[in-house]
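In: Could you work out the structure for the sequence below:
(4 chains)
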Protein chains: 2
Amino acid sequence: MKLNDRAETLLRSLIEIYINEGQPVGSRTLARQIKLNLSPATVRNVMSDLEDLGLIHSPHTSAGRIPTQKGYRFFVDSLLQVKPLEQLTLEEMQDKFSNESDPQLLLNKASELLSQVTHFAGVVLIPGQRSSLFRQIEFVKLASQRVLTILVTDDGRVQNRVIPTDRSYSASELVEAANFFNQVYAGTSLADVRRGLLKEMQKDSDEMHRITATALAVAGKLFDDEDDGGDAVMLSGEENLFNVPDLCQIEKLQKLFDAFKTKQDLLDLLDRSMRVGGISIFIGGESGYQSLDDCSVVTAPYDHDGEIIGTVGVIGPTRMSYDEVIPVVDVTARLLSGALSTPSDRLE
Amino acid sequence: MKLNDRAETLLRSLIEIYINEGQPVGSRTLARQIKLNLSPATVRNVMSDLEDLGLIHSPHTSAGRIPTQKGYRFFVDSLLQVKPLEQLTLEEMQDKFSNESDPQLLLNKASELLSQVTHFAGVVLIPGQRSSLFRQIEFVKLASQRVLTILVTDDGRVQNRVIPTDRSYSASELVEAANFFNQVYAGTSLADVRRGLLKEMQKDSDEMHRITATALAVAGKLFDDEDDGGDAVMLSGEENLFNVPDLCQIEKLQKLFDAFKTKQDLLDLLDRSMRVGGISIFIGGESGYQSLDDCSVVTAPYDHDGEIIGTVGVIGPTRMSYDEVIPVVDVTARLLSGALSTPSDRLE
DNA sequence: ATTAGCACTCCGTAGATCCGAGTGCTAAGA
DNA sequence: TCTTAGCACTCGGATCTACGGAGTGCTAAT
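Out: You can find the predicted model right below:
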């Protein structure tokens, strides 16, 4: 798309005004705003051209123009110059991350931070466990045929589950089984653990060592349906969206909150943006999810020692101040990456 | 409050009609509905009396009457006869709880169940850990000065936290410390553990056994700020409330969702209702929380081997079918109690 | 005590009108 | 050829009016 300077300036101004005011922008308003001394009539001509290009449109005959999705896209790609973050905001953001080392809580804080600073909804894609390595397992006997299993992966995350067993195991059997596991599988990926278990199970159980059998019987169920433990999204400040004038229609909010509830769409979207790498901006329906039609999503990936493992983002109305939101998302991702990587939680 | 039979019948009918239709009920409608062959004029006289008593009121001169908060209260206390649960619904509900033994997931399912069956929001008060007993602790070394602590209480719940330490501990030191803990404190309440720790800390550290010192240094921080780990509320189906006509005003929903977010009000409310025991019904502003002004909350306590440990409930509009919601909440609480208590997760 | 009748009130809707904002077009000017 | 002034036109939103429907309260008769 190629535009002459004047058209670009006008489009930029129009979008900026619209983002600020929320009202369709007319030719007179735009002419007054602009440096070039142009008459409203001239501006109208240019606007007419921009409308032909599909960048703006009027909601009705005698209203001003508002940007189309395509217009926003062009604006974001070619016209936008992001504002640097205010020093004060930056410090606030840094404060938020200091004195916190638990990865789970860090992600939580990142999400909250995004919603607080932008007054929209903050979202964090939490890396799945697919790539994480088995570190340690503990079995705690609860009732006669119920065992609590605690699984620790090398990135310091803990999962626990109560598992019904076929027979009752003694405490010492469980300790032995845990030791067996911890020695045999330490450092291997969870997928490998699952594969190993399946293989063992196919052998005739008579041949097995008693301890192995116990371990298999107890932990088999744990790893069986562990494949669901994939990515997850964490959302903060959804309630901010109630205050966004562009969204304050019951049906829109309802669609949005339904999407927040199921999270599947969000998850897909964030996952896609993670693969892209770098800051992604989905405008309106671009994401392909109907529930986000009136929203834009700005995301940035974060990493752990250089490897991208997740995404942070902001969900707000399409009419948002991209020049302010983008740096906030960017900085949050960086701060989060920093906070996650020092000191390392991985095995030494 | 004493009412003659006819007034009672009329009030009951009026409220039932209003709950079904959502529109103010006029004298003609009410007269037609009622078995007794009364003329609208007579009905009007009775309605006038009921209005004087503060049980109903008109939104404006030429509209019918709607129940006041006081009217609902009288209805619920004196006039309501709950419907027995449909067999089909009951079976659905039982299905939901079968094949699940993890307490956490059970609570989750209870909450979902309530929202699905009633089409309102389901809520569960999750018992705090105040009364739970220390069972086992594990320390996992992450980085040089970061230790993952895993705390298991006797009700099978697991908490974990990454703790920064002052110096680096070896794996064996951590194992020893864990053993120390598990032997000394097993079966005592968490509060006692905290007290014990504080006492130990006041001693001169030189006198302490090395293992004790390690245990204290690592776990001290865990128990330090563990007091926040109190009750929690779990909410499901908030999005159902978008579809409730009585609530579909942005500001009302916003207040509601703000309350859902902070959860403090909810927590107080459910905690109060737990202490009362039995089914509690808070109508409109009765709860005292402004955010719930247009809502009613129906709750029932659930227990674990006879001891009440939490509450389940439904949050819906004041204009809800109490005769249907009440048994659902009641049965859910019973089913949950049953599912929690067999087999016991407690120490044997 | 109950009821029929009637005047009155109020809401909600549908038209009618008007104003402001903005456009598109045309013709004149640079 | 680009720009501009002028003008007719359109449309949405606010305001006003009229009116029918629903319901009440009161009164007088049964």
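In: list the contacts for A:Met132?
Out: Let me fix one detail, which is that residue A:132 is Ser and not Met. Neighbouring residues of A:Ser132 by Cβ atoms under 8 Å, 6 or more residues apart in numbering or on different chains: A:Thr153, A:Asp154, A:Asp155, A:Arg157, A:Ser189, A:Leu190. Glycine gets a C-beta too; all of them are placed from N, C-alpha and C.
In: Let me know the helix or strand that A:Ser296 is in.
Out: In this assignment (DSSP states H and E), A:Ser296 forms part of strand A:295-304.
In: average model confidence for that strand?
Out: Mean pLDDT, strand A:295-304: 95.
In: Tell me the strands beside that strand, with direction?
Out: Using DSSP bridges, the strands paired with strand A:295-304 are strand A:280-283 (antiparallel), strand A:307-317 (antiparallel).
In: Looking at the contacts of A:Ser132, which are in strands?
Out: Judged by DSSP state E, the contacts of A:Ser132 include A:Thr153 as members of strands.
In: Tell me the one of the contacts of A:Ser132 nearest DNA strand D?
Out: A:Arg157 (51.5 Å; Cβ to the nearest atom of the strand).
In: so that closest one touches A:Gln104, yeah?
Out: Yes. With contacts counted by Cβ atoms under 8 Å, A:Arg157 reaches A:Gln104, the gap being 7.2 Å.
In: Which one's more surrounded, the two?
Out: More neighbours surround A:Arg157 than the other of A:Arg157 and A:Gln104, with 20 against 15 (other Cβ atoms under 10 Å in any protein chain shown).
In: How about stretch A:234-246, which residues are buried there?
Out: A:Met234, A:Leu235, A:Ser236, A:Gly237, A:Glu238, A:Glu239, A:Asn240, A:Leu241, A:Phe242, A:Val244 (16 or more other Cβ atoms under 10 Å in any protein chain shown).
In: For the last one, give me phi and psi.
Out: This points to A:Val244. Backbone torsions of A:Val244, given as degrees, to the nearest 10, read phi -80, psi 120.
In: cool, and the second one?
Out: Main-chain torsions, A:Leu235, degrees, to the nearest 10: phi -120, psi 140.
In: so what's it closest to, chain neighbours aside?
Out: Nearest non-adjacent residue to A:Leu235, counting by Cβ to Cβ, 6 or more residues apart in numbering or on different chains: A:Val123, 5.3 Å away.
In: residues from chain A in reach of DNA strand C?
Out: Chain A comes close to DNA strand C at residues A:24-29, A:40-41, A:44, A:47-48, A:51, A:58, A:61-65, as judged by Cβ under 7 Å from any atom of the strand.
In: Check for me that A:Phe180 belongs to a helix.
Out: Yes. Looking at A:Phe180 with DSSP: H, G, I helix; E, B strand; the rest coil, it is inside a helix.
In: Now do it: how many residues are near it, please.
Out: 18.
In: Which residue ranges of the stretch 201-348 of chain A form helices?
Out: A:210-224, A:250-262, A:264-276, A:322-341 (DSSP state H, counting those that start in this stretch).
In: List, one by one, the residues from chain A near DNA strand D.
Out: Residues of chain A lying near DNA strand D (Cβ under 7 Å from any atom of the strand): A:Asn37, A:Leu38, A:Ser39, A:Ala41, A:Thr42, A:Asn45, A:His60, A:Thr61, A:Ser62, A:Ala63.
In: Most neighbours out of those residues, which is it?
Out: Ranked by neighbour count under the definition other Cβ under 10 Å, those are headed by A:Leu38 with 19 neighbours.
In: Could you pull up the residues touching that residue?
Out: A:Arg6, A:Ala31.
In: ok, 6 Å please
Out: Each residue near A:Leu38 by Cβ atoms under 6 Å, 6 or more residues apart in numbering or on different chains is listed here: A:Ala31.
In: Nearest to DNA strand C: which residue in the stretch 201-348 of chain A?
Out: Closest point on the stretch 201-348 of chain A to DNA strand C, by Cβ to the nearest atom of the strand, is A:Arg319, at 16.6 Å.
In: Of the residues of chain A next to DNA strand C, which belong to strands?
Out: Among the residues of chain A next to DNA strand C, no member lies in strands (by DSSP E).
In: Show the buried residues in those residues.
Out: So, of these, A:Pro24, A:Val25, A:Gly26, A:Ser27, A:Thr29, A:Arg44, A:Met47, A:Gly64, A:Arg65 end up buried under the neighbour-count rule (16+ other Cβ under 10 Å).
In: For the stretch 1-150 of chain A, what lies in contact range of chain B?
Out: For the stretch 1-150 of chain A, the contact set with chain B under Cβ under 6 Å from any Cβ of the partner chain comprises A:Ser101, A:Asp102, A:Gln136, A:Glu138, A:Val140, A:Leu142, A:Ala143, A:Leu148, A:Ile150.
In: between the residues you listed, which is closest to A:Lys252?
Out: Among those, A:Asp102 lies closest to A:Lys252 (Cβ to Cβ), at 35.7 Å.
In: Which phi and psi values does the closest one adopt?
Out: As for A:Asp102, its main-chain torsions (degrees, to the nearest 10) stand at phi -70, psi 120.
In: Burial check on the residue nearest to it when sequence neighbours are not counted, number of neighbours?
Out: Nearest residue to A:Asp102 in three dimensions, chain neighbours excluded: B:Val162, at 4.3 Å (Cβ to Cβ, 6+ apart). B:Val162: 22 surrounding residues under other Cβ under 10 Å.
In: Specify the local secondary structure of B:Val162.
Out: strand.
In: That one contacts B:Leu148, correct?
Out: Yes. B:Val162 is in contact with B:Leu148 according to Cβ atoms under 6 Å; the separation is 5.4 Å.
In: what touches both of those two?
Out: Taking Cβ under 6 Å, 6+ apart as the criterion, B:Val162 and B:Leu148 both touch A:Gly156.
In: picking up where we left off before, and the buried ones among the residues of chain A next to DNA strand C, which is closest to chain B?
Out: Checking these against chain B with Cβ to the nearest Cβ, the nearest one is A:Pro24 at 22.6 Å.
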